[in-house]
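In: Give me the fold of what follows.
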Amino acid sequence: MKPMVAEDIVGRDFNIRVLGLNFHRVIFPVSFSIILLLVLLALSNPVVFGETLEGIKGWILKNFDWFIIIMGNLAVLFCAGLALSPLGKVRLGGRDAKAEFSTLSWFSMMFAAGMGVGLLYWGVAEPVAQYTAWWKTPLDVTASTPEAAHAAMGATLYHWGFHPWAIYLTSALVVGYFSYN
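Out: Here you go, the predicted model:
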């Protein structure tokens, strides 16, 4: 049985080619228009635009912080379940694909790119910023207290532990699978 590819579902006629690039005839114009509108709004009045974005971010964090934490936890569970299930054996690139790099080399590159510089700088700066309320303290605890230290380290471990890697991996698997299989 021939493996199904995206073109079997959507078909090539949904895309147009411009300057050798493939563009979806609905998704590209809509997304480009939204981005262009936002850029023009930001350029026309940067102060108001910044305040509006800050207000939106504050509202999301106030009302949906629980959702963000739950989704991070679900991403970790999803990736662990995927790795331990038979689906963890699916090769990107097809059944006969050969890895260009060894597992150790791949892990080293991902760790160095994703964590190397970030940990050197933010490994100290992030918990200190949250402890002193340079940023808001996690869980709105009082700054510069033992509770603030505990909350700051907890938030830092969440930001630099398995959770962001699981979120990156989930996105990368979707793109990688549909691009190469």
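In: all contacts plus neighbour counts: C-alpha atoms, from now on.
Out: Fine.
In: State the number of residues packed around the nearest residue to Val128 once chain neighbours are set aside.
Out: With sequence-adjacent residues excluded and distances taken as CA to CA, 6 or more residues apart in numbering, Val128 is closest to Ala152, at 7.5 Å. Ala152 sits with 26 neighbouring residues when counted by other CA atoms under 10 Å.
In: and if you look at Phe107?
Out: The tally of other residues near Phe107 (other CA under 10 Å) stands at 12.
In: which stretches of the chain form helices?
Out: According to DSSP state H, the chain carries its helices in the segments 6-9, 27-44, 46-84, 103-111, 117-132, 146-160, 162-180.
In: export these to JSON lines and tack on distance to Arg91 and mean pLDDT?
Out: Written out in JSON lines, the entries for the helices of the chain read as follows (distance: least, CA to CA, whole Å; pLDDT from 0 to 100):
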{"stretch": "helix 6-9", "distance to Arg91": "17", "mean pLDDT": "52"}
{"stretch": "helix 27-44", "distance to Arg91": "29", "mean pLDDT": "96"}
{"stretch": "helix 46-84", "distance to Arg91": "12", "mean pLDDT": "94"}
{"stretch": "helix 103-111", "distance to Arg91": "13", "mean pLDDT": "87"}
{"stretch": "helix 117-132", "distance to Arg91": "30", "mean pLDDT": "85"}
{"stretch": "helix 146-160", "distance to Arg91": "27", "mean pLDDT": "91"}
{"stretch": "helix 162-180", "distance to Arg91": "9", "mean pLDDT": "89"}
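In: Out of the ones you listed, the one nearest Gly93 is which?
Out: Comparison of the helices of the chain against Gly93 by CA to CA identifies helix 162-180 as nearest, at 4.6 Å.
In: Tell me the buried residues in the closest one?
Out: Judged by neighbour count using 16 or more other CA atoms under 10 Å, the buried positions of helix 162-180 are His163, Pro164, Trp165, Ala166, Ile167, Leu169, Thr170.
In: State the phi and psi torsions of Ala97.
Out: Note on Ala97: backbone dihedrals following degrees, to the nearest 10 are phi -70, psi 140.
In: Nearest residue to it in space, please, no chain neighbours.
Out: Counting by CA to CA, 6+ apart, Arg91 is the residue found nearest to Ala97 once chain neighbours are left out, at 7.0 Å.
In: shouldn't that neighbour be in contact with Ala83?
Out: No - using CA atoms under 8 Å, Arg91 and Ala83 do not qualify as a contacting pair, with a distance of 12.0 Å.
In: before we move on, back to that, columns distance to Arg95 on top of the helices of the chain, output as JSON lines?
Out: Formatted as JSON lines, the helices of the chain follow (distance: least, CA to CA, whole Å):
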{"stretch": "helix 6-9", "distance to Arg95": "17"}
{"stretch": "helix 27-44", "distance to Arg95": "31"}
{"stretch": "helix 46-84", "distance to Arg95": "17"}
{"stretch": "helix 103-111", "distance to Arg95": "18"}
{"stretch": "helix 117-132", "distance to Arg95": "36"}
{"stretch": "helix 146-160", "distance to Arg95": "33"}
{"stretch": "helix 162-180", "distance to Arg95": "11"}
